[in-house]
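Q: Any chance you could fold what I've pasted below:
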Amino acid sequence: MSEILSTFTNFKNILCICPECNNISRLSELHLSSNKKTKKTWLDDFESRVRDLGELESEHDSKANEIREKAIQRGREQVPKMINASLSGAITKLKYDPYDIKPINHSIPAMDDFSLMFFYT
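A: As a prediction, the model looks like this:
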């Protein structure tokens, strides 16, 4: 193990000059590649599966967003119907935008006797 660390440390001390752009860089910072074909390893298979999983995840996210947007649209279409059903006939005859109505609710919900007994014990 110490041999590997010492080799890597030595790679930091070796400087290289790029033949294309004449930049100086350390050997440890180079991203070396080759056109020569090599045998597939387990890491290649793993990276391929991770890439495929990422693609499936992005497809799923886009479909989920699509479904969510459709559900939001259906809900927005149902709001006026629900408001008209919950209001009295005299109020529904008035011209109003259903999104402008603000309900006034009771600050304390009604409780039956059992819940009152449970609350006070």
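Q: for the helix or strand harbouring Arg49, packing partners?
A: Using DSSP states H and E, Arg49 falls within helix 42-86. Using 3 or more Cβ pairs under 8 Å, 6 or more residues apart in numbering; DSSP states H and E, no helix or strand is in contact with helix 42-86. C-beta: built from backbone N, CA, C; applies to glycine.
Q: Check which element follows it along the chain.
A: Beyond helix 42-86 on the C-terminal side, the first helix or strand identified by DSSP H and E is helix 89-92.
Q: what's in contact with that following helix?
A: With contacts defined as Cβ atoms under 8 Å, 6 or more residues apart in numbering, helix 89-92 is touched by Asn84.
Q: Please compute how far that helix lies from its chain's middle.
A: 44 Å (Cα atoms, centre = their mean, to the nearest Å).
Q: For Ile104, report the pLDDT, please.
A: On pLDDT, Ile104 comes in at 63.
Q: Over to Ala64?
A: For Ala64, the pLDDT comes out at 95.
Q: His31 now?
A: Taking His31 on its own, its pLDDT is 79.
Q: Is it in a helix, a strand, or coil?
A: With DSSP: H, G, I helix; E, B strand; the rest coil as the basis, His31 sits in coil.
Q: Kindly report the same for Cys16.
A: Assigned by three-state DSSP, the conformation of Cys16 is strand.
Q: Quickly list what it is bridged to.
A: Ser25 (DSSP bridges).
Q: what comes into contact with stretch 26-39?
A: For stretch 26-39, contacts defined as Cβ under 8 Å, 6+ apart pick out Phe8, Phe11, Lys12, Asn13, Ile14, Leu15, Cys16.
Q: okay, how far is it across stretch 31-38, tip to tip?
A: 17 Å (Cα to Cα, to the nearest Å).
Q: Let me know how buried Pro19 is, in neighbour terms.
A: Look at Pro19: counted by other Cβ atoms under 10 Å, it has 6 neighbours.
Q: Sticking with it, tell me its helix or strand.
A: Under DSSP H and E, no helix or strand contains Pro19.
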